[in-house]
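here is a sequence with its predicted model. Questions after.
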Amino acid sequence: MRITFRIIAVATCLAALALVGACGSKPAATTTPAPVPVKLTAKAQATAYCKALLPVYRSEWALVVKIRKARAIVTTSNAFSMAARFNDTFLPLSDQARTRLAAITPPPLFRVAQRRLARVFALQSDFIYYVQSELRRGNFTGTVDPAVFKAGMDRYVARIKADCRQWEAALRIALRRSGVRETPRPLRQVLA
């Protein structure tokens, strides 16, 4: 009986010591709280968005320059090689620009501008498909009237220019609403 009493007494003392030790230490199962994300001001969001948009716009502008050069010679060169050029060069570049734009998450004030720019890119893709299909049709059937073909291209170009003006207006409004007095440096040359 004495041994049982000693074992119970020692176990009780050890339990009390473990309880006192556990009260002073940090619990092992608790986790540290996740850091609270820093809320950017509207001005900082506008600047970050414009910086993210600049590479997309530069690649798109390079594509526009290539299309302008090709458009100038489209009626005088070999239709089949021009259609292949539109298919192999211009369509992948257009799709790449659209994918890059879709990867950018716009701040709330810039959602309208983002949608308008996406519409410009979609119209440009439609223009490339139109030129490619007309060139192929002209090559295979020989029934394409150059004046009608040029008028169709001009209609697409006019629509793209009008949508570009709407995008620029929406971007300027969003910049003004976000408190940006001056266009951020990355997009200054775009909206000049």
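Sure, I can see it. Residues are numbered from 1 along each chain as shown.

pLDDT below threshold where in the protein?
The chain contains residues with pLDDT under 70 at 1-38, 74-77, 183-192.

swap the cut-off to 90 and go again
Counting by pLDDT under 90, the chain contains low-confidence ranges at 1-95, 97, 128-150, 152-154, 157, 164, 168, 171-172, 175-176, 178-192.

which residue ranges of it form strands?
Assigned by DSSP state E, the chain shows no strands.

show me where it has its helices.
2-24, 42-73, 79-85, 91-103, 111-141, 146-177, 185-188 (DSSP state H).

turn those helices into JSON lines, including mean neighbour count.
No exception for glycine: its C-beta is placed from N, CA and C like everyone else's. Output for the helices of the chain, formatted as JSON lines (neighbours: other Cβ atoms under 10 Å):
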{"stretch": "helix 2-24", "mean neighbour count": "9"}
{"stretch": "helix 42-73", "mean neighbour count": "16"}
{"stretch": "helix 79-85", "mean neighbour count": "17"}
{"stretch": "helix 91-103", "mean neighbour count": "16"}
{"stretch": "helix 111-141", "mean neighbour count": "18"}
{"stretch": "helix 146-177", "mean neighbour count": "15"}
{"stretch": "helix 185-188", "mean neighbour count": "15"}
